[in-house]
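**Student:** just coords:
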């Protein structure tokens, strides 16, 4: 999935939206605080309020798939 054009796709989507209502959330490796909590916590805390949009660059299911495939 690396270098698959996700960043470019996100930029194109965001450019067509009202920047005041969009938040792009980059998801990197979890830090110590995130590792101490449920693995979805870092996504839950970035869920937008009504009328706003969040675009997650990487996703919760990536962790689920990687852990099952790579052990």
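**Tutor:** Right, received. Where do you want to start? Given the structure is predicted, the values throughout are model-derived calculations rather than measurements.
**Student:** Just say helix, strand or coil for the residue most central in space within the chain.
**Tutor:** Closest to where the C-alpha atoms of the chain average out (Cα atoms, centre = their mean) is residue 56, at 2.5 Å. What DSSP: H, G, I helix; E, B strand; the rest coil gives for residue 56 is strand.
**Student:** what bridges to residue 53?
**Tutor:** residue 22 (DSSP bridges).
**Student:** Make 35 the first number, not 1, from now on.
**Tutor:** Sure, I'll start numbering at 35, so the last one becomes residue 87.
**Student:** My guess is it contacts residue 56. True?
**Tutor:** Yes: using Cβ atoms under 8 Å, residue 87 is in contact with residue 56, at 4.9 Å. Quick note: C-beta positions are derived from backbone N, CA and C, even for glycine.
**Student:** So between these two, which is more surrounded?
**Tutor:** residue 56 (17 against 13; other Cβ atoms under 10 Å).
**Student:** Show the contacting residues for that one.
**Tutor:** The contact partners of residue 56, by Cβ atoms under 8 Å, 6 or more residues apart in numbering, come to 48, 86-89.
**Student:** At which residues are the strands of this structure located?
**Tutor:** 56-60, 87-91 (DSSP state E).
**Student:** what pLDDT, on average, does the last one get?
**Tutor:** The predicted model assigns strand 87-91 a mean pLDDT of 92.
**Student:** Against which helices or strands is that strand packed?
**Tutor:** helix 40-49, strand 56-60 (3 or more Cβ pairs under 8 Å, 6 or more residues apart in numbering; DSSP states H and E).
**Student:** ranking the ones you listed by burial, who's on top?
**Tutor:** Of all the helices and strands packed on strand 87-91, strand 56-60 has the most neighbours on average by mean count of other Cβ atoms under 10 Å, namely a mean of 14.
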